[in-house]
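Engineer: any chance you could fold what I've pasted below:
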Amino acid sequence: MVGGANFSDANNASNCQVSANFQYIMFPVVYSVVFAFGTVSNCCVLWYIFRKKGAFSPSDVFMANLATIDLIFAALLPFKIAYHAMGNDWIFGELACKVTGSLFFANMYGSTLFLTCICLDRYIAVVHPIKSLQLRRPRYRVLACCFIWLLLASNLLYLTTKGPLTSKFPNGKTACLENFSSNSWNRHISGISIVAAVIGFFIPLVIIIVCYPLIARKLLEHTAGKDTVHRVKRKALRMVLLILLVFIICFVPYHLIQLVHTLRRIKTLSSCSLIQFTYSARRVTMALTSLNSCLDPVIYSFASDTFLWSRLCCRGRPPFSATFRSKGRSERRTGSSTLAAY
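Structural biologist: Next up is the predicted model:
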């Protein structure tokens, strides 16, 4: 999980002047907005999902886990806001640095994995509607979610027990999850960075890129008399497209810059201009990754037929949920297995 950390370049940039003073304003502002909107929106999603009557849909299960990990991320942001507002000075101690830092980057890779599960779920329902009756059973959803949480927990445990994550800057301030030495990079940080990026980003991105055209091709097979199924396919295609956009906006820029940064830290690449570029670019892309906790609830609102932000304040059952469930039961009786899967 260390692959996402905001490592400083001070250790191998002694002969190259670098600066990113804008980060002391950018991070507190961006994180404050994400904290406010991400907390409220993800609480609304969880409130809506658990207030629904009847069984969860497969997407509801994954979205509930996604909203949970986004809420954990939002809860940690005040610590990050204070850290950057004080000029990157960590005053909360080593344990707090390990906990907040580890969970901070667990959100990034947990989000990508849960989003990939949602994408695969929609792909199976649309492209293989008969097999979906078997593959989308509740126990498989639970096992998939448990596997992701176990994977995150094992990586976080490794990170927190590996060694101290705080260190001193030359100006006397305390760094948290940055300013690691070249020896640390060569021993284990570079390996963790690459493995985390491959498992948590590149493989999910490939899966999403493959699923999108396959769903689109299935959508083109629309025939007369199947308008309901066609609408469900369009909804699935729309959700996968939104997931792909989240990846492109929030995760692609960071991981491309992080890859260049890792290669430079292990001295595969080296130049003063590269140091100056990655030093600033990585901070901008770090801020972009935080936006995923705000965009994930938007994905759910677009994918759901019944989730409406304007009606969350209504008392009683979620709006139109009874109508939607009744409609779903009617369509299942008429053999619309694809819609029933949703």
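Engineer: could you pull out the strands in the stretch 51-200 of the chain for me?
Structural biologist: 166-168, 174-176 (DSSP state E, counting those that start in this stretch).
Engineer: now render the ones you listed as TSV, adding mean pLDDT, mean neighbour count and distance to Ile215.
Structural biologist: Just so you know, the C-beta spots here come from the backbone N, C-alpha and C atoms, and that holds for glycine as well. Formatted as TSV, the strands of the stretch 51-200 of the chain follow (pLDDT from 0 to 100; neighbours: other C-beta atoms under 10 Å; distance: least, C-beta to C-beta, whole Å):
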stretch	mean pLDDT	mean neighbour count	distance to Ile215
strand 166-168	83	16	46
strand 174-176	87	22	42
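Engineer: these: which one's closest to Pro253?
Structural biologist: Judged by C-beta to C-beta, the one of the strands of the stretch 51-200 of the chain that comes nearest to Pro253 is strand 174-176, at 22.8 Å.
Engineer: list the contacts of that closest one.
Structural biologist: If you take C-beta atoms under 8 Å, 6 or more residues apart in numbering as the criterion, strand 174-176 is touched by 8, 83, 88-91, 97, 100-101, 165-169.
Engineer: out of these, which end up buried?
Structural biologist: The neighbour-count criterion (16 or more other C-beta atoms under 10 Å) marks Ser8, Tyr83, Asn88, Asp89, Trp90, Cys97, Thr100, Gly101, Leu165, Thr166, Ser167 among the contacts of strand 174-176 as buried.
Engineer: of all the residues you listed, which comes closest to Cys272?
Structural biologist: Ser8 (16.1 Å).
Engineer: centre-most residue in this structure?
Structural biologist: Relative to the mean C-alpha position of the chain, the nearest C-alpha, by C-alpha atoms, centre = their mean, is the one of Ser111, at 2.6 Å.
Engineer: Asn292 is in contact with that one, correct?
Structural biologist: Yes - the pair Ser111 and Asn292 qualifies as a contact (C-beta atoms under 8 Å) at a distance of 5.2 Å.
Engineer: quick check: neighbours shared by these two?
Structural biologist: In contact with both Ser111 and Asn292: Asp70, using C-beta under 8 Å, 6+ apart.
Engineer: if we can go back for a sec, can I get the contacts of strand 174-176 in a markdown table including distance to Ile192?
Structural biologist: Shown next, in a markdown table, are the contacts of strand 174-176 (distance: C-beta to C-beta, whole Å):
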| residue | distance to Ile192 |
| --- | --- |
| Ser8 | 17 |
| Tyr83 | 22 |
| Asn88 | 22 |
| Asp89 | 25 |
| Trp90 | 21 |
| Ile91 | 26 |
| Cys97 | 17 |
| Thr100 | 18 |
| Gly101 | 13 |
| Leu165 | 12 |
| Thr166 | 18 |
| Ser167 | 17 |
| Lys168 | 23 |
| Phe169 | 23 |
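Engineer: and which of these is nearest to Asn21?
Structural biologist: Asn88 (10.6 Å).
Engineer: helices of the stretch 1-150 of the chain, residue ranges please.
Structural biologist: 23-51, 58-85, 94-127, 129-135, 138-162 (DSSP state H, counting those that start in this stretch).
Engineer: ranking those helices by mean pLDDT, which is last?
Structural biologist: Between these, the lowest average pLDDT goes to helix 129-135, which shows a mean of 72.
Engineer: how near is the residue nearest to the centre of the chain to Thr68?
Structural biologist: 11 Å (C-beta to C-beta, to the nearest Å).
Engineer: now flag whichever of the contacts of strand 174-176 is closest to Phe201.
Structural biologist: Out of the contacts of strand 174-176, the member with the shortest distance to Phe201 (by C-beta to C-beta) is Gly101, at 18.4 Å.
Engineer: thought the closest one was touching Leu177?
Structural biologist: Yes - counting by C-beta under 8 Å, Gly101 touches Leu177, with 4.1 Å between them.
Engineer: which of the residues in the helix or strand harbouring Met286 are buried?
Structural biologist: Element membership of Met286, judged by DSSP states H and E, is helix 272-290. Across helix 272-290, burial judged by 16+ other C-beta under 10 Å covers 275-287, 289-290.
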